[in-house]
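Peer 1: Fold the following, please.
(one chain, ligands or ions: 3)
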Amino acid sequence: MAKKCEFKSLPDSNLERRRNLSFDFLYPEFEVPKYLKEFAQGKKYFIFTFGCQANHRDSEIMGGLLEKAGFSQTFSEKDADLIILNTCAVRENAEQKVFGKIGNLLHLKKSKPELLIGVCGCMVQQKHIIEYINEKFKHVDLIFGTHNSTDLLLLLNDVITKRIRLIDVKSIPGDIVENLPSSRESKFKAFVNISYGCDKFCTYCIVPYTRGKERSRKMKDILDEVQELKNNSYKEVTLLGQNVNAYGKDFNDGTTFAKLLEEVAKIGIPRVRFLTSHPWDFSSELIEVIAKYDNIMKYIHLPVQSGSDEILHLMGRRYTRDQYIALAKEIKTKIPDVALTTDIIVGFPNETYEQFLDTVSLCREVHYDSAFTFIYSPRNNTPAAKIKDNVPSAEKVKRFKELVKALEEDITKHSENMIGKVYDILVEGPSEKNPEMLSGYTEKNKLVHFKGGINLVGQIVKVKILESHTYSMIGELVNE
Ligand code: SAH
Ligand code: SF4
Ligand code: F3S
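Peer 2: Numbering: from 1, shown residues only. Ligands and ions are numbered 1, 2, ... in the order given. All right, here's what the predicted structure looks like:
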């Protein structure tokens, strides 16, 4: 018989829009519920992460909490006693992948009834998704949201001791909880949150609803985390926020992202990166800091979304095409040889072919080093989803392909320019396609494959580029 389901809290669309709700900074003493500690002995967890870096970082923290409780990590679903799916809601295809995965887990649960399955992350911040999962997938034991993932151990303890299924998804902004354990995915590359949530409310985007109000972490807590990474010989740190450039605005004390970035650079980790920059908040002060420090990577991801003023206005992006191009030019002038990358949405409701061509021409003007391109996907409860759309999906696919082709011309040129030159590569590990080769990234995030010993993983080495493909290069190690 299916277990009883307890609804502790459900998302509330009125609350998730509000920005005047308060939150706290918490520095808890760590405690594992006693029963859970006994339960976790000898048991294994597997976290499957969809979506962006914010989700990956949340999964690392959930992993850290589970390991404190006594679980150990496994990368095999079959070996796991607890499987958590950390989900993404940004586009419909992201959600379809999750439903597919949840469905697949049913046969595993049938062969191992004691297996616990949890679903968390952005997707379950939507009430209709929770209702769907609850109705269709009774093998899910626990559903919790982005605002209470740090309560994972308490939630699990309830599921186990009360023998229930539990749903607890809040829409109030989560507190900023410090001093949490974490099980990092890499021993040499790390993500560090600097802010949570987003207040931009671009009309197509679900993130402000699933992640809530923009909240900055205190500068001291961020710097302490980066210093600890430096002490542990990390080679790369990426500062994370939905809009890093808005960092510190909520303190109203003159704190800026530029000041934070400078302090992070001074700690001296060899590679400092940041994601994502909204063009609206990109200050000249920030450009100068990036230019000044060698260890701040000259690689800036600057989502443009569209090159048409009308569409940018409908998207609520708060800049015009000319303002974006002017910013890109200022960046390129003050940071010579900078790599610019972007995100673009094709087929926003009622986008005309001429408006689409404005996007193509903007790309040809900016000469991006790389780009993520997406076909617009209506998201529940967002303003854009209410617009009646007259563009057929086949037309959107056609434009999408046309845009990718235009972008690839520039991307290929950037890659061809690298042939014969020597680059610093942070070695990731064996190449996925050919385990006899190593793979790593240049300072500007180009993927390079080359022959070398496994002892080089986690090191920064010099590699000469021999051959270029659009999205990756082949090179050879240079002996210093
Ligand atoms: N905060 C970041 C990342 C947001 S999500 C930023 O503002 O850049 C990453 C990308 O997904 C966005 O830049 C956008 O290009 C794309 N995206 C967001 N909502 C979308 C939607 N409804 N349909 C298609 N793409 C979308
Ligand atoms: Fe979404 Fe816009 Fe916020 Fe990025 S800045 S997360 S696209 S609302
Ligand atoms: Fe997806 Fe949530 Fe990130 S919707 S892109 S996982 S913030």
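Peer 1: can we go C-alpha only for contacts and neighbour counts from here?
Peer 2: OK.
Peer 1: Any idea how many residues pack against Thr146?
Peer 2: The local packing of Thr146 (other Cα atoms under 10 Å) involves 25 other residues.
Peer 1: Could you do Leu239 as well?
Peer 2: Counted with other Cα under 10 Å, residues neighbouring Leu239 total 21.
Peer 1: Tell me the spacing between it and Asp253.
Peer 2: Leu239 sits at a distance of 21 Å from Asp253 (criterion: Cα to Cα, to the nearest Å).
Peer 1: do the same with Ile465
Peer 2: Going from Ile465 to Asp253 by Cα to Cα gives 47 Å.
Peer 1: So for the two, which residue has more residues nearby?
Peer 2: Neighbour comparison, Ile465 and Asp253: the larger count goes to Ile465, with 24 against 8 (by other Cα under 10 Å).
Peer 1: could you say which helix or strand contains the more buried one?
Peer 2: Assigned by DSSP states H and E, Ile465 belongs to strand 460-468.
Peer 1: same question for that strand, mean pLDDT?
Peer 2: Averaged across strand 460-468, pLDDT comes to 98.
Peer 1: Neighbouring strands - and their directions - for it?
Peer 2: Counting by DSSP bridges, the strands paired with strand 460-468 are strand 422-430 (antiparallel), strand 472-477 (antiparallel).
Peer 1: So what touches the last one?
Peer 2: This means strand 472-477. Contacts of strand 472-477 with the rest of the structure, by Cα atoms under 8 Å, 6 or more residues apart in numbering, involve 415, 446-452, 461-468.
Peer 1: ok, which pair from the residues you listed is furthest apart?
Peer 2: Using Cα to Cα, the two most remote members of the contacts of strand 472-477 are Ser415 and Gly452, lying 21.7 Å apart.
Peer 1: Looking at these two, which one has more neighbours?
Peer 2: Applying other Cα under 10 Å to Ser415 and Gly452 shows that Ser415 carries more neighbours, namely 19 against 16.
Peer 1: Tell me who's in contact with that one.
Peer 2: When contacts are counted by Cα under 8 Å, 6+ apart, Ser415 touches 468-473.
Peer 1: quick one: which of the residues you listed is most hemmed in?
Peer 2: Tallying neighbours with other Cα under 10 Å puts Met473 at the head of the contacts of Ser415, with 22 neighbours.
Peer 1: follow-up on the earlier one: can I get the buried part of the contacts of strand 472-477 as one PyMOL selection?
Peer 2: Filtering the contacts of strand 472-477 down to the buried ones (16 or more other Cα atoms under 10 Å) takes a single PyMOL command:
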select buried, resi 415+446+447+448+449+450+451+452+461+462+463+464+465+466+467+468
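Peer 1: Put the alpha carbons of the helix or strand containing Glu354 into CSV.
Peer 2: Here Glu354, judged by DSSP H and E, is contained in helix 353-366. Coordinates of each C-alpha in helix 353-366 appear next as CSV, following Å, rounded to 0.1, in the frame of the first residue of the first chain:
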residue,chain,number,x,y,z
TYR,A,353,11.9,37.6,-39.2
GLU,A,354,13.3,41.1,-39.4
GLN,A,355,13.6,41.2,-35.6
PHE,A,356,15.3,37.9,-35.7
LEU,A,357,17.7,39.3,-38.3
ASP,A,358,18.6,42.1,-35.9
THR,A,359,19.8,39.3,-33.6
VAL,A,360,22.0,37.8,-36.3
SER,A,361,23.4,41.2,-37.2
LEU,A,362,24.2,42.0,-33.6
CYS,A,363,26.1,38.7,-33.4
ARG,A,364,28.1,39.5,-36.5
GLU,A,365,29.0,42.8,-34.9
VAL,A,366,30.1,41.5,-31.5
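Peer 1: Residues contacting that helix, please?
Peer 2: The contact list for helix 353-366 (Cα under 8 Å, 6+ apart) reads 306-308, 310-311, 321, 325, 328, 346-347, 399, 403, 406-407, 410.
Peer 1: farthest-separated two in these?
Peer 2: Maximum pairwise distance in the contacts of helix 353-366, criterion Cα to Cα, is 25.5 Å, between Glu310 and Asp410.
Peer 1: Who has more neighbours out of those two?
Peer 2: Asp410 (19 against 13).
Peer 1: mean confidence for the helix or strand where that one lies?
Peer 2: Asp410 belongs to helix 393-416 when elements are defined using DSSP H and E. Regarding helix 393-416, the rounded mean pLDDT is 97.
Peer 1: cool, stretch 76-84 as well?
Peer 2: Stretch 76-84 comes out with an average pLDDT of 97.
Peer 1: and that stretch, how far apart are its ends?
Peer 2: With Cα to Cα applied, stretch 76-84 spans 12 Å between its terminal residues.
Peer 1: Show me which positions of that stretch end up buried.
Peer 2: For stretch 76-84, the neighbour count (16+ other Cα under 10 Å) marks 77, 80-84 as buried.
Peer 1: In contact with the residue in the stretch 101-250 of the chain that ligand 1 sits nearest to, which residues?
Peer 2: Nearest residue of the stretch 101-250 of the chain to ligand 1 (Cα to the nearest ligand atom) works out as Gln242 at 3.6 Å. Residues in contact with Gln242 (Cα under 8 Å, 6+ apart) are 195-198, 275-277.
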